[in-house]
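# what follows is a protein structure lacking sequence information:
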């Protein structure tokens, strides 16, 4: 059975040469190598043997371009993961996952006591 998916996304020697013409030697790419998704750095190309050299997880490896599928350009540097923003303190799901609500504080039951939280349908809850 012919694997159309593999043939369509296969990386060609012409694509590698185009990337080098664009000055992208040493730049990073997202690629599937023999079934594994990787982020790699393009470090060499031998047009005579048609072997591409990549830096993968700090290790230099050589591949036939036909073993690389879906090669897409990332850039000269690997993007750093974004740190998630801290909670905003905005609306949270209501009891039972219902309508979002913003918690309201109830006054303490006695001087110096902890405030309670007003829960819609339940009233003040103290902890």
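Structure's in. What do you need? These numbers were taken from a predicted model, which means no experiment stands behind them.
# got the end-to-end distance for stretch 106-116?
In stretch 106-116, first residue to last residue: 5 Å (Cα to Cα, to the nearest Å).
# contacting residues for residue 75?
By Cβ atoms under 8 Å, 6 or more residues apart in numbering, residue 75 lies in contact with 27-28. From N, CA and C alone the C-beta is placed, and that goes for glycine too.
# so where do the strands sit in this protein?
Remark: strands assigned in the chain by DSSP state E are 28-33, 36-46, 51-56, 59-63, 68-75, 104-106, 116-119, 123-125.
# buried stuff in stretch 14-34?
Neighbour-count burial for stretch 14-34 flags 16, 19, 24, 27-29, 31-33 (criterion: 16 or more other Cβ atoms under 10 Å).
# so which of the residues you listed is the closest to residue 46?
The shortest approach to residue 46 among the buried residues of stretch 14-34 belongs to residue 16, at 10.1 Å (Cβ to Cβ).
# how near is that closest one to residue 50?
Distance, residue 16 to residue 50, by Cβ to Cβ, to the nearest Å: 8 Å.
# shared neighbours, the two?
residue 65.
# quick one: closest of the strands of the chain to residue 12.
strand 68-75 (9.4 Å).
# perfect, I'm done here.
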